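Peer 1: generate a structure from the sequence data that follows.
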Amino acid sequence: MPSAQPVPQPIPPVPHPAAPPQPGPPVGQPQPNPQPQWHLQQQPQQPGPPQRVEPDWDALADRNEADGKRRRRMKVIGVVAAVAVVGSLVAGGVVLFKGKKDNGSATVTKTTPPTAPPSTSGTPSGQPDDPAKPIWEATTDPAPQDAGALFSALQVTINGATWNRTVVSLDSPCWDGNSTTGGLGKVLGDQGCQQVLRATYVSGDSAVTVGVAVFDHRIQAETALKNFTGQLKGAPAAGAPAFCAAAGCTGTHNSLGRYGYFTVEGSAKGGNGPDATATAAAPGFAEHVKGQLLRRAKAASSAAPGVQGTPPATAG
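Peer 2: Below is the predicted model of the structure:
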């Protein structure tokens, strides 16, 4: 028989030293409940695709339409304002002639700078509403020619200065050289000029002579002005020195109806040189003469309303 095996004996546990007691809360105090500790770990956000914001197309369309209306409205306002300004300038004219006063004086207010060059271009007529229509030809303008009546203002005020009339004259024929120089007499004579009426106005040492050439028809007057050369001759008063008797002075020329009208400006002391003050007053004097001719046209219209002229058979 096999021999008996020894039965293992259990090993007694090794005693461990006891843990020292932990201090607790004082007797009689409530025991705190332990709070669990939570640790939150934030997850990093993953970048996503950018979001696309669609514009408000309806709002943009409305805004664009409103802007367009505003621009069109402002453009219309600007055009109307410009037309109003141009219309007021045309209605007022460059020079305002206040007319003859009871004391035989006239005032011309010039709105252009004094140094503006005088106009030298002819004035075409023939428009149905032309205020000069009654003086287109001699048959509708039969009143006698009188330099004293045409240049009736004894004083004319231009640019704040007073100009006194010193002499008037009526010269006939036009081509004899008494009233013109530098070939102007021939130009006027070639178109059948009948008379030249002149008047001289003096202010200080400055002098201006204005003149009107009389034709039978406006076509003759316009043709003469297109061929203009030379100048009107200055008309000195009795005992005064001659001035602007030859080339060298400044002057203007124009036409209205059957009349050509002119100015020549120089020194009242004599000579054939220009005078700055007289030259600056020339446009005002030209407008003064034009105003006097329009007065004649108005008188002719009242005497024979509705008369229609006809061109001459020949001119020159």
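
Peer 1: from Tyr201, how far off is Cys193?
Peer 2: From Cys193 across to Tyr201, the span is 23 Å (Cβ to Cβ, to the nearest Å). No exception for glycine: its C-beta is placed from N, CA and C like everyone else's.

Peer 1: helices and strands around the strand ranked longest in the chain, which ones?
Peer 2: Looking across the chain with DSSP state E, the single longest strand is strand 161-171. With contacts taken as 3 or more Cβ pairs under 8 Å, 6 or more residues apart in numbering; DSSP states H and E, strand 161-171 sits against helix 147-150, strand 155-158, strand 195-203, helix 276-303.

Peer 1: got these as CSV, with mean neighbour count and mean pLDDT columns?
Peer 2: As requested, these are exported to CSV (neighbours: other Cβ atoms under 10 Å; pLDDT from 0 to 100):
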stretch, mean neighbour count, mean pLDDT
helix 147-150, 17, 95
strand 155-158, 22, 96
strand 195-203, 24, 97
helix 276-303, 21, 94
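
Peer 1: wait, which of the ones you listed is closest to Gly185?
Peer 2: Among the helices and strands packed on strand 161-171, strand 195-203 comes nearest to Gly185, with 8.7 Å by Cβ to Cβ.

Peer 1: which SSE is immediately downstream of the closest one?
Peer 2: strand 206-214 (DSSP states H and E).

Peer 1: please name the bridge partners of the closest residue to Ala286 other than its chain neighbours.
Peer 2: Nearest non-adjacent residue to Ala286, counting by Cβ to Cβ, 6 or more residues apart in numbering: Thr252, 5.1 Å away. Beta-bridge pairing for Thr252 (DSSP bridges): Thr263.

Peer 1: hang on, Thr252 packs against Ala282?
Peer 2: Yes. Between Thr252 and Ala282 there is a contact at 5.2 Å, judged by Cβ atoms under 8 Å.

Peer 1: the bottom helix or strand of the protein by mean pLDDT?
Peer 2: strand 95-100 (a mean of 40; mean pLDDT, DSSP states H and E).

Peer 1: shaky segments in the protein?
Peer 2: Counting by pLDDT under 70, the chain has low-confidence residues at 1-128, 304-316.

Peer 1: run through the helices of it in chain order.
Peer 2: 57-92, 147-150, 184-190, 218-226, 276-303 (DSSP state H).

Peer 1: thinking again about what came up before, how much space separates the residue nearest to Ala286 from Asn227?
Peer 2: Using Cβ to Cβ, we find Thr252 at a distance of 16 Å from Asn227.

Peer 1: between these two, which one's more packed in?
Peer 2: The neighbour comparison of Thr252 against Asn227 (other Cβ atoms under 10 Å) goes to Thr252, with 24 against 15.

Peer 1: gap between that one and Asp176?
Peer 2: Distance from Thr252 to Asp176, by Cβ to Cβ: 23 Å.

Peer 1: contacts only, for Ala268.
Peer 2: Contacts of Ala268 were listed using Cβ atoms under 8 Å, 6 or more residues apart in numbering, and they are 202, 204-207, 240-241, 243.
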